[in-house]
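S.K.: coords please:
(one chain, ligands or ions: 1)
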Amino acid sequence: MGEDSSSGQFGSGLAVDRPVLLTGALGQLGLALQALCPADQPLRAFSRSQLDIADHSSVAATFSQVKPLLVIYAAAYTAVDRAESEPEAAHRANVLGPQVLAEQCAAHGARLIHVSTDFVFDGRANRPYGTDAPTAPLGVYGLTKLQGEDAVAACLDDHVILRTGWVYSHRGSNFFQTMLRLHCERELLKVVVDQVGTPTRAESLAWAIWQFAHRPALQGVYHWSDSGVCSWYDFAVAIGQFAVREGLIARAAEVQPINAEEYPTPAARPHYSVLDKKKTWEALGAGARHWQEELALAIASAHADQHSSDVRAPIEAPIEEQHG
Ligand SMILES: NC(=O)c1ccc[n+]([C@@H]2O[C@H](COP(=O)([O-])OP(=O)(O)OC[C@H]3O[C@@H](n4cnc5c(N)ncnc54)[C@H](OP(=O)(O)O)[C@@H]3O)[C@@H](O)[C@H]2O)c1
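M.R.: You can find the predicted model right below:
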């Protein structure tokens, strides 16, 4: 990455007379976007309780009041397995919500940065997915996210669709937090080895989004994740090793690789979901850090939080809630 993703400093200026409107403010990406917001950038951040993106009249009233120049969609239904039994809820947040936001952006002359997922692909490829690769989601979550992309493109020209994958942070519920907890609690962890992708620290994604915010000429579909490739097994091993090295946990559990078929989940997941980021790196003039470098930063942030409170926040996510 060209600049320090933890500094929040940017050289170029986004027009500051109209604010950026952020949805999903309390999600892991929403929090990272707020943490990295340039100091001189007016930002109005709305959590779900403050703004339900699928509620047309609330969204219309908020747009009339805020008059945003740019809207960032960081709100979504992200429970990949639960989506199989709650397709209406997934559709509401992942399809209806983006459609309502895009319609309001069109009506108010605002740009939309929409965040989507590697789960729009079926994972049968054996080389990184380009932005024009055929989509074929395997489950409800991926399908609704793809339909959300289509809804945005149908309503609004001035948009960016940024696909990412395996998002985690030192805050919130995610694979990273779950693994930290399980390394402490268990002697042995069994983690899937035949699903390969790239972890993305929420702060790295937030950095990329602010870069797009500062380049209003960019439109269309882009991909962003951290650099490199790994399996969930590799990621779980690295989390344990890095956390011990940093002194965040006393010892790491033994991690045993298993195949996805030994760990059945309600939603099928792509076996391969590495994204080709070349187009984005050229557009931004900067690439992403390797996932292990970002992991080291996440471990350091978790350590800093632990020391500031002396008590680690409870980690609630069940192991099967690997988000998309
Ligand atoms: N997590 C991943 O691994 C991953 C991978 C690829 C792409 N993505 C995409 O990245 C984006 C950010 O994901 P994330 O990991 O930050 O998700 P997250 O931590 O689950 O946050 C999503 C936020 O959206 C809120 N939300 C849900 N429905 C809403 C609605 N109708 N109106 C307003 N807010 C609503 C949620 O509120 P509640 O908590 O109250 O429900 C939550 O605060 C999403 O577009 C997601 O699809 C994520």
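S.K.: Distance from the chain centre to the helix or strand containing Leu205, please.
M.R.: Using DSSP states H and E, Leu205 maps to helix 202-213. Helix 202-213 sits 10 Å away from the centroid of its parent chain (CA atoms, centre = their mean, to the nearest Å).
S.K.: next one: stretch 165-173
M.R.: With CA atoms, centre = their mean as the basis, stretch 165-173 stands 7 Å off its chain's centre.
S.K.: Just the closest residue of the chain to the ligand, please.
M.R.: Closest approach of the chain to the ligand (CB to the nearest ligand atom) occurs at Gly27, with a separation of 2.0 Å. Using the backbone N, CA and C atoms, a C-beta is placed for each residue, glycine as well.
S.K.: Isn't that residue up against Ala74?
M.R.: Yes: assessed by CB atoms under 8 Å, Gly27 is found in contact with Ala74 at 5.7 Å.
S.K.: For the stretch 1-150 of the chain, which residues are neighbours of the ligand?
M.R.: Residues of the stretch 1-150 of the chain lying close to the ligand (CB under 6 Å from any ligand atom) are 23-24, 26-29, 48, 52-54, 74-78, 93, 97, 115, 117, 145.
S.K.: Buried only: go through these for me.
M.R.: Buried subset of those (neighbour count, 16 or more other CB atoms under 10 Å): 23-24, 26-29, 52-54, 74-78, 93, 97, 115, 117, 145.
S.K.: Please flag which of those residues sit within helices.
M.R.: 28-29, 97, 145 (DSSP state H).
S.K.: Least confident secondary structure element in the chain?
M.R.: helix 291-309 (a mean of 88; mean pLDDT, DSSP states H and E).
S.K.: circling back: return the per-residue confidence for the residue of the chain closest to the ligand.
M.R.: On pLDDT, Gly27 comes in at 95.
S.K.: Look up how far Gly123 lies from it.
M.R.: 24 Å (CB to CB, to the nearest Å).
S.K.: Quick check: next helix or strand after the helix holding Leu205?
M.R.: strand 220-223.
S.K.: Counting by contacts, list what that next one packs against.
M.R.: Packing partners of strand 220-223 (3 or more CB pairs under 8 Å, 6 or more residues apart in numbering; DSSP states H and E): strand 159-164, helix 278-284.
S.K.: could you pull out the strands for this protein?
M.R.: 20-23, 43-46, 70-73, 111-117, 159-164, 167-168, 188-192, 196-197, 200-201, 220-223, 230-231, 254-258 (DSSP state E).
S.K.: what would those look like in CSV with mean pLDDT and distance to Leu101?
M.R.: Formatted as CSV, those follow (pLDDT from 0 to 100; distance: least, CB to CB, whole Å):
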stretch, mean pLDDT, distance to Leu101
strand 20-23, 98, 7
strand 43-46, 97, 11
strand 70-73, 97, 6
strand 111-117, 98, 6
strand 159-164, 98, 10
strand 167-168, 97, 20
strand 188-192, 96, 34
strand 196-197, 97, 27
strand 200-201, 98, 22
strand 220-223, 98, 17
strand 230-231, 97, 33
strand 254-258, 97, 40
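S.K.: leaving aside the residues next to it on the chain, what's closest to Glu203?
M.R.: Leaving aside its chain neighbours, Glu203 sits nearest to Ala32 (4.6 Å; criterion: CB to CB, 6 or more residues apart in numbering).
S.K.: How about Arg186?
M.R.: Using CB to CB, 6+ apart, the nearest residue to Arg186 is Ala253, at 5.1 Å.
S.K.: quick one: pLDDT of the one you found?
M.R.: pLDDT at Ala253 comes out at 96.
S.K.: How about the contacts made by the closest residue to Asn94 other than its chain neighbours?
M.R.: With CB to CB, 6+ apart as the criterion, Asn94 has its nearest non-adjacent residue at 3.7 Å, and that residue is Thr144. With contact set as CB atoms under 8 Å, 6 or more residues apart in numbering, Thr144 has these partners: 77, 83, 87, 90-91, 93-95.
S.K.: shaky segments in the protein?
M.R.: 1-16, 308-324 (pLDDT under 70).
S.K.: Enumerate every residue touching Ala89.
M.R.: 77, 83.
S.K.: swap the cut-off to 7 Å and go again
M.R.: Tyr77 (CB atoms under 7 Å, 6 or more residues apart in numbering).
S.K.: For it, give its distance to Arg82.
M.R.: 8 Å.
S.K.: List the beta-bridge partners for the residue most central in space within the chain.
M.R.: Central residue check for the chain by CA atoms, centre = their mean: the C-alpha nearest the mean position is that of Val167, 4.4 Å away. Beta-bridge partners for Val167, by DSSP bridges, are Thr200.
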